[in-house]
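In: using only what follows, build the 3D model:
(4 chains)
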Protein chains: 2
Amino acid sequence: MSISLIIVEDLKEVRDGLKNFIGLSSDFKVLDTFQTAEEALIEIPRLKPDIVIMDINLPGMSGIECIRLIKNKTPATQFMMFTVYENDEKVFEALKAGASGYLLKSTGLVQLIESLKELHNGGSPMSANIARKLVNVFQKNETNLPEIETLTFRENEMLQMLAKGLLYKEIADKMNISINTVKQHIHNIYEKLHVQNRTEAINKALGKK
Amino acid sequence: MSISLIIVEDLKEVRDGLKNFIGLSSDFKVLDTFQTAEEALIEIPRLKPDIVIMDINLPGMSGIECIRLIKNKTPATQFMMFTVYENDEKVFEALKAGASGYLLKSTGLVQLIESLKELHNGGSPMSANIARKLVNVFQKNETNLPEIETLTFRENEMLQMLAKGLLYKEIADKMNISINTVKQHIHNIYEKLHVQNRTEAINKALGKK
DNA sequence: TCAGTCCACTAACTTTTGTTCTATTGTTGA
DNA sequence: TCAACAATAGAACAAAAGTTAGTGGACTGA
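Out: Numbering: from 1, shown residues only, chains lettered A, B, ... in the order given. Sure thing, here's the model as predicted:
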């Protein structure tokens, strides 16, 4: 069974180039191609392709917006971004919208074919720089405040519960201590983190930007 | 200039197999291999390899802990996880600790060589499933609650300030309205989001798991 | 072994948050 | 034009959060 796909790309040369090259492989079947997100919006839910190759910069609606709008109508379809944009904003926005792969247009055609297979196989092929961007997000989020490490075991427990939105009373019950003790622990946390209230403590401890 | 590397892996067959195979390529130079994280901990900062291939499950200290401890001593060294673990916890923990690539041991040797080059080139090579895990994190974090959309403009403003940990009084001053109005708006937010307090509202609105 | 420190704990008190009820004004869509 | 909604606000009250002061046990270095 070959992999069905649709191409959304406004430039005729790129669109036809992709279609012709991918069509050479018996593993794929190009169902149709579109120049605009608006057309794709109507046709993709009808054709239900395995994969959509999506450009970002289209006349009118962007490719990202297009994915956002149809993602939940066609849950089985996988979206592969294929674009020149490699700035963080576009990358993260596209992934959040529902794309599962992200290739730059500098990618070779042979590599593209491999990536499409990988995508269909449950992977998330990405150009080298793009993958690194994702990894960086994790590393940056790593909380590394020296203050946090001075928290005692009990204080850390408190912080976790605090972050869930539990009341002092609920924390006290769960830990079998008096509500006053809870208050004292939390007060100590605030001092160590140099904050004034619950929300600031949570923001600081759980690595917000 | 060839890429220098170090292998940390407790199983002799795997360790020697990697060393011999990678050694065949003139692009790489295997500086040394270690069986434990404890040995690696001392030698890596001294040898300053371009790349470390790191197993997770080692006798004694884990490979992840090892990376965490030396990452800031050797900022130029890139860490490639090479392991059988593909559960979320290990993957994210490793990336947070400072790994930039994550390959499963099922990866073919030729693919491994390619991935090492990609890593050295600023990419973040990952096995297909691993990459998909990362992408999923982004997609899950995407707030998609129908309730949020029913919030009015003013309510959304409140929510943003609330999330910063501002007091009602501070919000009132900033918006030039009475503190009673602030209370009223926030009360309405809580009703719409079906929550009981500030922390729950923030958690719900800002897409915590 | 003794002084100093840290941790877990508690009570009494103040401030902030959250609820409830009422009411006015301006906007909008059926 | 009428109903619904958004934004505003006062006021009284209840509940939760946060502050301050202090106790006792365990450990630690001199």
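In: grab the nearest non-local neighbour of the residue in chain A that DNA strand D sits nearest to.
Out: Nearest to DNA strand D in chain A, going by C-beta to the nearest atom of the strand, is A:Asn197, at a distance of 3.0 Å. Yep, even glycine has a C-beta here, placed from its N, CA and C like the rest. Nearest non-adjacent residue to A:Asn197, counting by C-beta to C-beta, 6 or more residues apart in numbering or on different chains: B:Gly165, 5.6 Å away.
In: and the one you found, what does it touch?
Out: Residues in contact with B:Gly165 (C-beta atoms under 8 Å, 6 or more residues apart in numbering or on different chains) are A:195-200, A:203.
In: likewise for A:Ser178?
Out: A:Ala172.
In: got the phi and psi for it?
Out: For A:Ser178, the backbone dihedrals (degrees, to the nearest 10) come out as phi -80, psi 160.
In: just to revisit the earlier point, any idea how far the residue nearest to A:Asn197 lies from B:Thr199?
Out: Counting by C-beta to C-beta, to the nearest Å, the gap from B:Gly165 to B:Thr199 is 10 Å.
In: for A:Thr83, same thing?
Out: 39 Å.
In: flag the shaky bits of chain A, pLDDT-wise.
Out: A:141-149, A:207-209 (pLDDT under 70).
In: for it, what spans make up the strands?
Out: A:3-8, A:28-34, A:51-54, A:78-83, A:101-104 (DSSP state E).
In: put together a markdown table for those strands, with mean neighbour count and distance to A:Glu191 on each row.
Out: Shown next, in a markdown table, are those (neighbours: other C-beta atoms under 10 Å in any protein chain shown; distance: least, C-beta to C-beta, whole Å):
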| stretch | mean neighbour count | distance to A:Glu191 |
| --- | --- | --- |
| strand A:3-8 | 23 | 55 |
| strand A:28-34 | 18 | 60 |
| strand A:51-54 | 26 | 51 |
| strand A:78-83 | 24 | 47 |
| strand A:101-104 | 24 | 44 |
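In: what's the closest of those to A:Thr181?
Out: Between A:Thr181 and these, the tightest spacing by C-beta to C-beta is seen for strand A:101-104, at 49.9 Å.
In: what comes into contact with that closest one?
Out: A:78-84, A:86, A:91, A:94-95, A:111-112, A:115, A:118-119, A:123-127, A:129-130.
In: how about stretch A:62-72?
Out: Residues outside stretch A:62-72 that contact it (C-beta under 8 Å, 6+ apart) are A:8, A:37, A:40-41, A:44-45, A:52, A:54-58, A:79, A:81, A:83, A:90, A:93-94, A:97-99.
In: on that earlier part again, spatially, which two of the contacts of B:Gly165 are the most separated?
Out: A:Gln196 and A:Asn203 (11.5 Å).
In: which one's more surrounded, the two?
Out: Legend: neighbour count by other C-beta atoms under 10 Å in any protein chain shown for A:Gln196 and A:Asn203, higher for A:Asn203 (18 against 11).
In: what's near enough to touch the more buried one?
Out: Residues in contact with A:Asn203, defined by C-beta under 8 Å, 6+ apart, are B:163-165.
In: can you list those residues in TSV and add distance to DNA strand C?
Out: Output for the contacts of A:Asn203, formatted as TSV (distance: C-beta to the nearest atom of the strand, whole Å):
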residue	distance to DNA strand C
B:Ala163	12
B:Lys164	11
B:Gly165	8
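In: these in helices, which ones?
Out: Counting by DSSP state H, the contacts of A:Asn203 place B:163-164 in helices.
In: now, among the contacts of A:Asn203, which is nearest to chain A?
Out: Closest approach to chain A among those (C-beta to the nearest C-beta): B:Gly165, at 3.6 Å.
In: that closest one and A:Phe79, how far apart?
Out: B:Gly165 is 37 Å from A:Phe79, by C-beta to C-beta.
In: picking that back up, mind giving me the PyMOL select for the contacts of strand A:101-104, buried ones only?
Out: Applying 16 or more other C-beta atoms under 10 Å in any protein chain shown to these, the buried members can be selected in PyMOL as follows:
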select buried, chain A and resi 78+79+80+81+82+83+91+94+95+112+115+118+119+123+124+125+126+127+130
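In: among the contacts of strand A:101-104, which are within reach of chain B?
Out: The subset of those lying close to chain B, counting by C-beta under 8 Å from any C-beta of the partner chain, consists of A:95, A:118, A:123-127, A:129.
In: so which of those residues are in helices?
Out: Filtering those for helices - DSSP H - leaves A:95, A:118, A:129.
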